[in-house]
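A.B. asks: Based on what follows, work out the 3D shape:
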Amino acid sequence: MKSLYGVIGSPIAHSMSPLIHNDAFQQKGMDAHYHAFHVEPNELKAAVAGMRALGVNGFNVTIPHKEAIIPLLDSVEDAALKIGAVNTVLNRNGRLIGYNTDGRGFVEALKEVTELKDKQILIIGAGGAARAIFYTLAQEEGVRLDICNRTVSKSVELMEEFSLQGIARSITTEQAAKEIQRYDVVVQTTSVGMFPKINDTPLPFHSIKQHAVFSDIIYNPLETKLLQEAKALGAVTQNGIHMFAYQAALAFKIWTGELPDTDRMKKLVQEHLGGKPC
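C.D. replies: Predicted coordinates for the structure are as follows:
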């Protein structure tokens, strides 16, 4: 019998997870299928019960269910509990176990282009994606983190919640713009610059630190205005396809014990979006 995997969310028709996971199953020679399930918030409890009853082997969780699903699971890994969100669920003999691969996926992707030890890092935004990225980056040796957000109180709360005052600061976007030359790595986690508002940028700047890395978790467009401007100033840039591929690969490994080809995943997504292969 074919093993069944999937993703739940609302909306979900746009998801490229079936594309990359079904290809990975095929590449690995696994008799499995991955399907996108549209689940409205008021149907989440029934959907999770259905996943359990049908013996679905594992599934991803996306907006708006990442937080709400936690009390519906049998257990949740410590990192996901601290982040406050689950994006991957494993069905282990009828027990549903929650994980978060977003932060780890982002960090693994970032390590493709830079070492993180002792780096000064700016995170733009304090929402759900920023939580996972902030928490995971804080585990890297010697990092110093600044968080800027339009609503300063949100970045302050995030820093204090994780008790990371020793290695992190909450600053205004104006301060971040003035101090942009301090940062080895700049991470953009908001929706600013996403299609269709492709001319928007979350942070104005006219100069950057030499050899700086700019990472934007957006991948539509493939190159945001922020990345365009940073690249023009000599930065190494990375779009959100890389994080998307790595978080998916880590979920695949949780389910199957095998790590898929992340380069192939990135190539599939980029080609699907009409861009050249990575």
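
A.B. asks: would residue 27 count as being in a helix?
C.D. replies: Yes. Residue 27: assigned to a helix according to DSSP: H, G, I helix; E, B strand; the rest coil.

A.B. asks: burial measure for it, as a count.
C.D. replies: 12 (other CB atoms under 10 Å). Bear in mind the C-beta positions are built from the backbone N, C-alpha and C, glycine included.

A.B. asks: and it, how far is that from residue 7?
C.D. replies: 19 Å (CB to CB, to the nearest Å).

A.B. asks: ditto for residue 23
C.D. replies: 15 Å.

A.B. asks: Tell me which of the two has more neighbours.
C.D. replies: Using other CB under 10 Å, the more surrounded residue of residue 23 and residue 7 is residue 7, with 24 against 17.

A.B. asks: quick one: secondary structure of the spatially closest residue to that one that is not a sequence neighbour?
C.D. replies: Sequence neighbours aside, residue 60 is the residue nearest to residue 7 in space, at 4.0 Å (criterion: CB to CB, 6 or more residues apart in numbering). Under three-state DSSP, residue 60 falls in the strand class.

A.B. asks: where does residue 60 land on pLDDT?
C.D. replies: With respect to pLDDT, residue 60 has a value of 98.

A.B. asks: what about it, neighbour count?
C.D. replies: 27.

A.B. asks: Verify the stated contact: it with residue 87.
C.D. replies: Yes. The pair residue 60 / residue 87 is scored as a contact, 5.9 Å apart, by CB atoms under 8 Å.

A.B. asks: what's the overlap in contacts for those two?
C.D. replies: Residues touching both residue 60 and residue 87 (CB atoms under 8 Å, 6 or more residues apart in numbering): residue 251.

A.B. asks: Residue 19 - that's part of a helix, no?
C.D. replies: Yes. Assessed with three-state DSSP, residue 19 lies in a helix.

A.B. asks: For it, give me its contacts.
C.D. replies: Contacts for residue 19 (CB under 8 Å, 6+ apart) come out as 268, 269, 272.

A.B. asks: Buried subset of these, written for ChimeraX?
C.D. replies: The buried subset of those, as determined by 16 or more other CB atoms under 10 Å, is captured in ChimeraX by this line:
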select :268,269
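
A.B. asks: From the chain's centroid, how far away is the lowest-mean-pLDDT helix or strand in the chain?
C.D. replies: Of all helical and strand segments in the chain, the minimum by mean pLDDT, DSSP states H and E falls on helix 152-161, at a mean of 89. Centroid separation for helix 152-161 versus its chain: 19 Å, with CA atoms, centre = their mean, to the nearest Å.

A.B. asks: counting contacts, what elements does it pack onto?
C.D. replies: helix 128-137, strand 144-148, strand 168-171 (3 or more CB pairs under 8 Å, 6 or more residues apart in numbering; DSSP states H and E).

A.B. asks: Strands of the protein, residue ranges please.
C.D. replies: 3-9, 32-38, 58-61, 75-76, 88-92, 95-99, 120-124, 144-148, 168-171, 185-188, 213-216, 236-238 (DSSP state E).

A.B. asks: Output the ones you listed in TSV; the columns should cover distance to residue 15.
C.D. replies: Output for the strands of the chain, formatted as TSV (distance: least, CB to CB, whole Å):
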stretch	distance to residue 15
strand 3-9	6
strand 32-38	5
strand 58-61	9
strand 75-76	23
strand 88-92	14
strand 95-99	18
strand 120-124	25
strand 144-148	29
strand 168-171	32
strand 185-188	22
strand 213-216	20
strand 236-238	22
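
A.B. asks: quick one, what contacts residue 169?
C.D. replies: 145, 146, 147, 159.

A.B. asks: By neighbours, which of the residues you listed wins?
C.D. replies: Result: residue 147 is most packed of these (other CB under 10 Å), 26 neighbours.

A.B. asks: Distance check, that one against residue 215.
C.D. replies: As for residue 147, its distance to residue 215 is 15 Å (criterion: CB to CB).

A.B. asks: same question, residue 167
C.D. replies: Taking CB to CB, one finds residue 167 at 19 Å from residue 215.

A.B. asks: more neighbours, those two?
C.D. replies: Neighbours were counted for residue 167 and for residue 215 using other CB under 10 Å; residue 215 has more, 28 against 15.
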